[in-house]
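Asker: When you get a sec, could you give me coordinates for this:
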Amino acid sequence: MHLVDPDQPDNPHSVVSTQIEAVDSAQARRWLERNPNNRPIRQARVQQYYDDMISGRWRLNGEAIKFGPDGELLDGQHRLQAIARTTGMSFPMLIVRGLSPDTQVTMDQGAKRTPGDQLTLTGIASHNITVVAAALRVYMMWMEGNLFGDASRGTSQSTTKVVEFANAYPELVAIADRYTSIARRLKARPAVACAVAIRLTEINPDAAAEFVRLWDSGAGLGADSPILALRDRLDTIRTTRVRVSDRDQIGLIVSAWNLWRRGRAVTKLQRPKGGFSAENFPEPK
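Answerer: Numbers count the residues shown, from 1 in each chain. Sure thing, here's the model as predicted:
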């Protein structure tokens, strides 16, 4: 399809064309060479797109790779970087050519749909879909063994991947939804609290419900209760405004759970010397 500016019919730069093309790694690399003026590459975003592409989650959705009148790349560098990493694959892309370079400042200005928005669009209901989506992202990162290293920021879990997971495991969505309200009172990040609640419920639903109830209320806890030690530690973190990663919050909560399940008495909850590592990170029992 071609669109021509009626006020400048003889200007070749006024012609805008659109076409769907199959783009492979070689083509992506060629186009990336025509990328003189763009924002810095966000490698985490490239990794998300790459993971979706090689796993079959990528879809032609109408978002375009955009070029100026002289073939300079204006928009789409992250998608092209992801395609450039693939081998023996091609992906249909909407290509728009002939855009004025000054249109670049108007691109990517819309409100991005969150994972919660996408879950709602697929028909998943919740008391707090935003917390549920964030909890699933934390849970997935944890279960995939990605609490350490570059993936620990959680950016490896694309929105498409979260939606696919939610549709595959509605029972986990239901557990997360059950704990969304109480999670906001548990002093940890709500998404982390919900993610841990999902895992503990998988292990023992009754024990998980009792653990979370005591963690929330603190009622009747002895001075040497691991749950009281957890509450005190999370209170200290909150009042001192110390930044604590999701990984460390999960580690502290699971440590308290394991001690409580074994009937152990503690007055303080500490991380291992040197902090949590992939080797010493606690597994919920």
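Asker: first to last residue in stretch 185-195, what's the distance?
Answerer: The straight-line separation of the ends of stretch 185-195 (CA to CA, to the nearest Å) is 15 Å.
Asker: residues making contact with that stretch?
Answerer: 131-132, 134-139, 142, 176, 179-180, 182-184, 196, 212, 215-216, 231, 234-235, 237-238, 246, 249-250, 253 (CB atoms under 8 Å, 6 or more residues apart in numbering). (Glycine included, C-beta is placed from N, CA and C.)
Asker: how far is that stretch from where the chain is centred?
Answerer: In terms of CA atoms, centre = their mean, to the nearest Å, the centre of stretch 185-195 is found 16 Å from the chain centre.
Asker: how about Phe91, secondary structure?
Answerer: strand (DSSP: H, G, I helix; E, B strand; the rest coil).
Asker: ok so, going back, are any of the contacts of stretch 185-195 buried, and if so which?
Answerer: 131-132, 134-139, 142, 176, 179-180, 182-183, 196, 212, 215-216, 231, 234, 237, 246, 249-250, 253 (16 or more other CB atoms under 10 Å).
Asker: pLDDT at Thr159, what is it?
Answerer: Turning to Thr159, the model gives it a pLDDT of 83.
Asker: Can you name the residues that contact the residue nearest to it when sequence neighbours are not counted?
Answerer: Leaving aside its sequence neighbours, Thr159 sits nearest to Pro115 (CB to CB, 6 or more residues apart in numbering; 4.7 Å). Remark: with contacts taken as CB under 8 Å, 6+ apart, Pro115 is in contact with Ala133, Ala134, Leu136, Arg137, Thr159, Val162, Val163.
Asker: Show me which pair in those residues is furthest apart.
Answerer: Ala134 and Val163 (13.3 Å; CB to CB).
Asker: Which strands and helices lie in contact with the one helix or strand Ala229 maps to?
Answerer: Assigned by DSSP states H and E, Ala229 belongs to helix 226-240. Judged by 3 or more CB pairs under 8 Å, 6 or more residues apart in numbering; DSSP states H and E, helix 226-240 is in contact with helix 205-217, helix 246-262.
Asker: average pLDDT for the shortest one?
Answerer: pLDDT averaged over helix 205-217 equals 97, rounded to a whole number.
Asker: Give me the contact list for it.
Answerer: Applying CB under 8 Å, 6+ apart, the set of residues contacting helix 205-217 is 179, 182, 185-186, 197, 200-201, 220-221, 225, 227, 230-231, 256-257, 260-261.
Asker: Same check on stretch 248-264?
Answerer: Taking CB under 8 Å, 6+ apart as the rule, stretch 248-264 contacts 138, 142, 147, 188-189, 192-193, 195-196, 200, 207, 211, 215, 225-227, 229-230, 233-234, 266, 269, 271, 275-276, 281-285.
Asker: Which among the contacts of helix 205-217 count as buried?
Answerer: Looks like these have 179, 182, 186, 197, 200-201, 221, 225, 227, 230-231, 256-257, 260-261 buried, using 16+ other CB under 10 Å.
Asker: re earlier: any chance of the contacts of Pro115 in TSV, plus distance to Leu74 and secondary structure?
Answerer: Formatted as TSV, those follow (distance: CB to CB, whole Å; DSSP: H, G, I helix; E, B strand; the rest coil):
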residue	distance to Leu74	secondary structure
Ala133	31	helix
Ala134	32	helix
Leu136	34	helix
Arg137	31	helix
Thr159	24	helix
Val162	29	helix
Val163	29	helix
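Asker: which one of those is nearest Leu73?
Answerer: Thr159 (24.0 Å).
Asker: can you count the residues close to that closest one?
Answerer: 20 (other CB atoms under 10 Å).
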